[in-house]
Every structure is written in structure tokens, then in C-alpha cells.
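Asker: next input, structure requested:
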Amino acid sequence: MVSRGKGVDALSPVYWPGGSERVPGGWGKLRIGVPAMPAFDEFVKVEYEGKKVKEVTGFCIDVFSETLKRLSYELEYEFFPFNGTYDELVNQIPLKVHDAAVGDITILAKRSMNVTFTEPFLSSGLSMLVRLRQNRAPWMLTKPFTMSVWLLIIATMVYTGIIVWYLEHRVNPEFGGPWWIQLGATFWLIFSTIFFAHGRLYSYYTKIVVVVWLIAVLIFTSSFTANLSSILTAEMLEPAVADSKVGCDGDSFVLKYLQDVLGYKEDKIEKIRKSEDYIEAFDSGKITAAFLEIPELRVFLSKYDGYAVRGETYMLGGYGFAFPKGSPIAEDFSQAILELTENGTLKKLEDMWFSFTLSNCPSPDNGIKQDSLSLESFWALFLFTGGTSTIVLLIFKARLIIHRAVGVSLRDRFNMIGRSRNSWRRGLGLERSVKPTSSDQDENATTTDQRPFNHISELLHHARDDIK
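Answerer: Below you'll find the predicted structure:
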């Protein structure tokens, strides 16, 4: 910007990267250190042409390139692969071997003492990776219910079968014959209720009992299916072997974190370099679990099936770029990274490189452990089923007693009428001896004599129908 003052040209102050007015001594091409052999090539991948570096690609490189586009100045740089641990890579900056470090570098307090980190461009944490269990116990199908529930289901089925037999055996021809045939017909009726294929029911009382049993069966089967699915999922996510070695990237800070923070002994930790080596270690039984950072887990689970995340996540500082202590470029990079976060550019890059999110991965510790359903879950159903069957049986017995009493009363009346009929016939015999009647009169008398008995037969028939 140019302004006029007192007849001479006055120039406004020039602000250099980082807001400083001090003129830098001169910038050459920045030497950017990158991991030569990271565990996952999706973050940084170095391709060689002979002994020279041909190309450096990966998620971290794309973020670095997008950040440069948002700077108000241009920077020339060159990538230099570094063979060593991540701590050693960061330490190359204060030693002035490198001007910056780019890659899947976790922001740690110890590292921040020697370098300046930018704002994290990717959140990070540490979680355990386990292999899904493949074997199944032969008694797995009994686990949805406790033993007490299974015994009560069997007892309820037997009790219902006895009541059905008692209600049906008098009127249902399928319940005829020897006792074992009746027993088979009874339990076939109970079992076939599950498949809606039971035979004809003659008693309305039996229909009520069977409908209640059908409701109970539907509830039992749906609960069994749901709980069995949950148990199978939880069983799959348990480690196959307990108290064995765990794997981690031997070049990262995770090795020391496992020893100092999580308390793992050195002989219980297997150092692993590449992502493919984790598969081999799991297959050979060297490890039963591995500790990886969240971004690495996303890459791993997107490539390999049969694994899941287990346990809690230990939050970390995230991934950032490292610059010399007090470097003004680090502040400009942080501002640019925030812009990339707010406008969604970082999210697009994540979706491009990491298609898998941990929300898609089931974890056995995300929910309540699935146990067998106990009697506390079904006591009301058992009470309803058994109580309804008992009430129906009592009503049936009460009506049976009443109708039997009515039948006895009718028989008494029948006997009384029979005695009166005999006396009447004797009287008619005397009358015929004095005054004989015509044949038509005898036929009418016979018809008249049968009317009371026909009425009694109809009453007895209706009484039997009521008992049914």
C-alpha cells in the first residue's frame, strides 16, 4: 500500500508470515520429513524410482497440500523419507535436519516441548482391536433362558396338556382308545399349536385354553430369538484367548503408552510394523488383541473383516504437523486447518480415504451384557397362562356338577312318572275288562302315554349337550 506524506513516498509496514514485521533472512526450499514406512500407507505412502523418491501420497499429504492453498504466500518444499521412530522424526526438527514433519504424527506433550504443532487435522484416540470368535458351544441354544424358565415352560406345557385332555376326551373322537393314544393326541395338539396346524376342537373351554397357550408360545419364541441373536453377537466379540500378548506399532508412542499408562509388561507386547503383519500375528496366535489409534482402526476395519473394537477409547491429542519452536508458519498452518475444518474439506478427505467409521463397528462394551432371561422376565406370563387354564377348568367342573345334579333330578322324576304310569296302566286294565275300547282308542292312548317320556328324553339330551 502506498501513501503520500510531506512530499515523499511513505510505505506502510510489511507483515511477514505469522504477523511479524521482521524481515526474514531468506527462505529456501523447506525440507519436510515424512515417515518412510508407516504402518498404514493410507496416511503416507512413499514411492521410489530407483533410489530416488518418485511420489509421496496419502491422506496427510492431501491435507498438507490443501493447507498450502490457503496460505497468503507460496512455499517451496521437498519431502524426505525418514527411517526411524516417530519421536526420532520429530527430533530432526530441533536438530535442523528437517524444517517440518508431515504425517500421522500424534500431538504429545513431550514432543511439544521441542517443536510447535499445528491445530490437529484429525482427531485420535487409542482402542483395542480383537478378533471375532468363531467357535460355538454345543449348548448355546439353551442360553436365552435360565434353567428355571425352561423347567417352567415344560411344566406349563404338561399342565396345559392335562387340562386339554380332560376337556376334550369325552367329546373328541381323536381322544379315544388306549391311554397312550390319548396322551399322544393331547401333546400333538399342544405342539402343533406352534405351527397353527392343530386339529378340530369340540369344546369351547378347550379353545380358550389353547388360545392362551398360543399367546404364551408366541411370546416365548420371540423372546428366545431376540436374546439368542444378542448372545451370539456378544460371544463373537469376546477375545478367543485371555491374558496373551497384544500387538502395537513398535515405532509409535503406543509402545511406551502401553507400558507406562496401561501397565503392560514388555514381554506381553508384540512389536508390529505393517498392517498386514497384524493379520499374520492374529492367525499365528502371537497376539489376541492389538492397540491401534482410531484413524488406523478405521483403515484396518475397512480392509479386513472379522474384527471389532473392544474396551474404552483413550483420547489423544490428534494428528498435527510439526514445525520448529516458535515458527510463524505453524500459526498460519493452524489457521488454514481451521478453515478446512469449517468448510468441510477435511470431512471430504476423510470420507475419501477412510470409508469406515467406528460407529459401524459393534462393540461388546457399548451395551449391556446379554444374559439369559430369568423367571423375573416371565413370571406374569406363567401366572396368566396357568391361572387362565385353572379358571377354565374350575368353571367346567362347576357346570359339570350342576348338570349332573340336574340329571339326577330328571331321573328321579322319570322314576316317579314310571311308577305313576304303571299304576295308570293297571287302572286302564281294570277299565278295559269292564268296558272294552275300540282299536282307534287304544292307539290314541298309546300315543298319549309316550308324550311324557319323549319330553324327558329331550331334557336328558340337552343336559348332555350342556356338559359338552
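
Asker: quick check: buried residues in the strand or helix carrying Ala281?
Answerer: Ala281 belongs to helix 275-284 when elements are defined using DSSP states H and E. Buried positions in helix 275-284, judged by neighbour count with 16 or more other CB atoms under 10 Å: Ser275, Asp277, Tyr278, Ile279, Ala281, Phe282. Heads up, the C-betas are built off the backbone N, CA and C, glycines and all.

Asker: tabulate those (JSON lines), appending distance to Glu339 and pLDDT.
Answerer: JSON lines is the format used below for these (distance: CB to CB, whole Å; pLDDT from 0 to 100):
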{"residue": "Ser275", "distance to Glu339": "32", "pLDDT": "86"}
{"residue": "Asp277", "distance to Glu339": "38", "pLDDT": "90"}
{"residue": "Tyr278", "distance to Glu339": "36", "pLDDT": "91"}
{"residue": "Ile279", "distance to Glu339": "39", "pLDDT": "90"}
{"residue": "Ala281", "distance to Glu339": "41", "pLDDT": "90"}
{"residue": "Phe282", "distance to Glu339": "41", "pLDDT": "89"}
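
Asker: ramachandran angles for Pro35?
Answerer: Per-residue torsions, Pro35: phi -60, psi 130 (degrees, to the nearest 10).

Asker: correction: Phe321
Answerer: According to degrees, to the nearest 10, Phe321 has phi -90, psi 140.

Asker: what's the nearest residue to it if we skip its chain neighbours?
Answerer: Excluding the flanking residues, the one nearest Phe321 by CB to CB, 6 or more residues apart in numbering is Thr118, at 4.6 Å.

Asker: and for Glu296?
Answerer: Glu296 sits nearest to Phe40 (CB to CB, 6+ apart), 5.5 Å away.

Asker: does that neighbour touch Leu301 like I think?
Answerer: No - contact criterion CB atoms under 8 Å: Phe40 and Leu301 do not qualify, at 11.7 Å.

Asker: over to Lys397: give its phi and psi.
Answerer: phi -60, psi -40.

Asker: what about it, how many residues nearby?
Answerer: 11 (other CB atoms under 10 Å).

Asker: pLDDT value on Leu218, please?
Answerer: pLDDT, Leu218: 86.

Asker: count the residues that sit near Phe333.
Answerer: Count around Phe333 with other CB under 10 Å applied: 27.

Asker: residues contacting it?
Answerer: Shown in contact with Phe333 (CB atoms under 8 Å, 6 or more residues apart in numbering): Thr67, Leu71, Thr118, Glu119, Phe321, Phe323.

Asker: what's the closest of the buried residues of helix 275-284 to Val261?
Answerer: For the buried residues of helix 275-284, the residue nearest Val261 by CB to CB is Tyr278; the value is 21.3 Å.

Asker: how far away is that closest one from Ile105?
Answerer: Here the criterion is CB to CB, to the nearest Å. By it, Tyr278 lies 21 Å from Ile105.

Asker: and Thr116, what element?
Answerer: strand 115-117.

Asker: the nearest residue to Val261 once chain neighbours are set aside pairs with what?
Answerer: Spatially, and ignoring its direct neighbours in sequence, Val261 is nearest to Tyr314 (7.5 Å; CB to CB, 6+ apart). Following DSSP bridges, Tyr314 is listed with bridge partners Leu126.

Asker: thought Tyr314 was touching Leu126?
Answerer: Yes - using CB under 8 Å, Tyr314 is in contact with Leu126, at 4.3 Å.

Asker: what do these two both touch?
Answerer: Counting by CB under 8 Å, 6+ apart, the residues touching both Tyr314 and Leu126 are Tyr257.

Asker: those two - which one has more neighbours?
Answerer: Neighbour tally, Tyr314 and Leu126, criterion other CB under 10 Å: the higher count belongs to Leu126, 25 against 17.

Asker: show me what contacts that one?
Answerer: Going by CB under 8 Å, 6+ apart, Leu126 touches Val254, Tyr257, Phe291, Leu292, Glu293, Ile294, Thr313, Tyr314, Leu316.

Asker: in helices, which of those appear?
Answerer: Among those, DSSP state H puts Val254, Tyr257, Ile294 in helices.

Asker: so the nearest residue to Phe382 once chain neighbours are set aside versus His98, what's the distance?
Answerer: Take Phe382 and drop its neighbours on the chain: the residue closest to it by CB to CB, 6+ apart is Leu152, 5.6 Å away. Distance from Leu152 to His98, counting by CB to CB: 73 Å.
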